[in-house]
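Trainee: Here is the input, now give the coordinates:
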Amino acid sequence: MEIDTTRLKWEDWVALASSLVLLGGSFLPWYSVGDVGQVSGWDATKLSIFLMVSGVVGALVFLGTALGIDFSEEYAIALVTCGVASVAVVVVRIFVRQTGIYPIYGIYISLTAAIAFLASGVGKLKRAGLILLGAH
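Mentor: Model (predicted):
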């Protein structure tokens with residue numbers, strides 16, 4: 001088994017890139033807390049473990065695809081499932097907040113990465129023929 005990048009499609013590259021951002025995004029500042037300072041996503045909620053799991057899943061899907069391990073339907077379902085969980089965690093943290101705590105750039109970077117991650121899963125589902133988007 002050797003890595004062959006010709007097997008990789010756009011959704012695999014998006015999954016990898018968004019995985020890396022999700023892994024790092026948990027440690028970026030998500031909130032500004034008045035005069036006290038900033039709070040990272042990891043410190044704000046332990047639900048950010050979903051972002052970490054999604055990051056690992058995305059990297060493994062990328063590696064599995066590059067190695068030619070063909071489980072495209074399972075990979076797609078894993079990406080969509082983790083993507084939905086990641087988007088839900090970040091959206092909940094944006095809208096459920098306390099007085100004096102304001103979201104800052106880290107949470108929006110994580111949200112963008114979670115949406116991209118979900119999009120990569122939907123793209124993989126479409127490529128596997130499990131959904132028909134844009135079909136006429």
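Trainee: Which residue ranges of this protein form strands?
Mentor: Secondary structure of the chain by DSSP state E: the strands cover 29-33, 37-40, 101-103.
Trainee: contacting residues around the first one?
Mentor: Outside strand 29-33, the residues within contact range by C-beta atoms under 8 Å, 6 or more residues apart in numbering are 38-41, 44, 93, 97, 100-107, 110. All C-beta spots, glycine's among them, are computed from the backbone N, C-alpha and C.
Trainee: ok, now the shortest one?
Mentor: Counting by C-beta under 8 Å, 6+ apart, strand 101-103 makes contact with W30, Y31, S32, V33, G34, V39, R93, I94, R97, all of which sit outside it.
Trainee: how many neighbours does the first one have?
Mentor: Pointing back at W30 there. 30 (other C-beta atoms under 10 Å).
Trainee: got it, and the third one?
Mentor: Applying other C-beta under 10 Å, we find 16 residues neighbouring S32.
Trainee: one step back: now which of the contacts of strand 29-33 would you call buried?
Mentor: Neighbour-count burial within those applies to V39, S40, G41, A44, R93, P103, I104, G106, I107, S110; the criterion is 16 or more other C-beta atoms under 10 Å.
Trainee: Just to check, the third one is in contact with L51?
Mentor: Yes. Under the criterion of C-beta atoms under 8 Å, G41 makes contact with L51 at 7.1 Å.
Trainee: can you list residues touching both of these two?
Mentor: Both G41 and L51 are in contact with G25, S26, S110, where contact means C-beta under 8 Å, 6+ apart.
Trainee: Perfect, I'm done here.
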